[in-house]
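# Attaching a predicted model along with its sequence, questions to come.
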Amino acid sequence: MAPAKTETGTRRTNPSPAPLSKRSLRLTIGTSLALVLLAVGTVFIVGNLLVQRAMRGATQEVALVQRQYEPLARAAREIRDSLAAFDRSVLAYLEADGSKARAVVDSAHERIARAIAAHGELFDTPAAQTSGAALHGEIGEHQRSGATLIERHEGRRETRRAAWAYLEAVRERIATAGAAGLPQGENVFARRSLAELARALEGVTGGVTRHMTSSSTADAASVERAEQRFRAKLGEHDAEFQRSPGRAWLDLVVADFESAVRLRRAQMQ
């Protein structure tokens, strides 16, 4: 049978598209997976590069900070250590005294001076110089406080020595006047008044020793009572002492004793 004809000619029927094969479908899925993996890999690589760049930048910044501030940190540590050594040397001197202890204090002073000089060389701006000068001023004030403690300690030491020298002079005068005994033939006789005065002085020296060691209120009161007993003995035998050993001897004993008392009180202030 012949195909039907129309005005435009013979009608042709368009063929239907062929269905996709299973092989074509599998290729499409594989391609999609490849694209996904490629995208993930690209993101990973880019992220890794960014992280590495950030790490390099951070490392460079840390190195820069170390170059800029590590010398300042070292100088600050040296100042801290030198101040600690100075404090220890001052305390050791106050406890031990002596030339060796004083030499350690002087060495600590020199170490602080070197540390401050090195610290000051690192300031390159007016603001930093002002801040550093303020810190150095505080350090200097701390050193002066330590020096003041040492001066007071040395002053007290000299006062103690002077006080003991006066008491020793009183003891020698009493002993030579007859408290130790005066030979008469084969016998030695001690004057009762001088022996009593010598025993009263022993009470004073013993109390002074305890007071200077402990600095307690009770020991201070004990010394005061011992000093009063010594004065009382001087007053009790005043007339006898003016006759012998004499007025000059008595005046020297009283003057030396009162000087020792005054120095003892000054030393404990």
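Perfect, thanks for sending it. Numbers count the residues shown, from 1 in each chain.
# rest of the way, CA atoms for contacts and neighbours
OK.
# same for the helix or strand where residue 134 lies, what does it pack against?
With elements taken from DSSP states H and E, the one containing residue 134 is helix 126-174. For helix 126-174, the elements it packs on are helix 22-96, helix 99-120, helix 192-214, helix 247-267, judged by 3 or more CA pairs under 8 Å, 6 or more residues apart in numbering; DSSP states H and E.
# what's the second one packed up against?
Here helix 99-120 touches helix 22-96, helix 126-174, going by 3+ CA pairs under 8 Å, 6+ apart.
# Not counting it itself, show me its contacts.
If you take CA atoms under 8 Å, 6 or more residues apart in numbering as the criterion, helix 99-120 is touched by 72, 75-76, 78-79, 82-83, 85-86, 89-90, 92-93, 129, 132-133, 136, 143.
# Any of those buried? List them.
By neighbour count, with 16 or more other CA atoms under 10 Å, those hold 72, 75-76, 78-79, 82-83, 85-86, 89-90, 92-93, 132, 136, 143 as buried.
# Compare the helices and strands packed on helix 99-120 and say which comes out lowest on pLDDT.
Within the helices and strands packed on helix 99-120, the least confident segment by mean pLDDT turns out to be helix 22-96, at a mean of 70.
# Just confirm residue 174 contacts residue 194, I think it does.
Yes: with contact defined as CA atoms under 8 Å, residue 174 counts as touching residue 194 (6.5 Å).
# and the gap between residue 261 and residue 206?
Taking CA to CA, to the nearest Å as the measure, residue 261 falls 13 Å from residue 206.
# higher neighbour count, these two?
The residue with the greater number of neighbours, taking residue 261 and residue 206 and applying other CA atoms under 10 Å, is residue 261; the counts read 21 against 13.
# Identify each buried residue in stretch 158-174, please.
For stretch 158-174, burial by neighbour count (16+ other CA under 10 Å) applies to 159-160, 162-164, 166-171, 173-174.
# Check stretch 209-229 too.
In terms of neighbour count (16+ other CA under 10 Å), stretch 209-229 has its buried residues at 210, 211, 219, 220, 222, 223, 224, 226, 227, 229.
# Dump those residues into a markdown table; add distance to residue 253 as well.
Listed next are those as a markdown table, based on distance: CA to CA, whole Å:
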| residue | distance to residue 253 |
| --- | --- |
| 210 | 23 |
| 211 | 22 |
| 219 | 24 |
| 220 | 22 |
| 222 | 21 |
| 223 | 18 |
| 224 | 18 |
| 226 | 16 |
| 227 | 13 |
| 229 | 15 |
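# So for the residues you listed, which is the shakiest by pLDDT?
Per-residue confidence across those is lowest for residue 211, with 76 (pLDDT).
# List the contacts of that one.
Applying CA under 8 Å, 6+ apart, one finds that residue 211 lies in contact with 219, 220, 223.
# Which member of those is positioned nearest residue 250?
Nearest to residue 250 among those: residue 223, at 21.8 Å, using CA to CA.
# That closest one contacts residue 204, correct?
Yes: checked against CA under 8 Å, the pair residue 223 and residue 204 is within contact range at 6.1 Å.
# Confirm that residue 122 sits in a helix.
No: looking at residue 122 with DSSP: H, G, I helix; E, B strand; the rest coil, it is coil, so not inside a helix.
# switch to numbering from 30
That works, and once the first residue is 30, the last one we named lands at residue 151.
# burial measure for it, as a count.
Quick note: residue 151 (other CA under 10 Å) scores 16 neighbours.
# same deal with residue 180?
Taking other CA under 10 Å as the criterion, the count of residues near residue 180 is 12.
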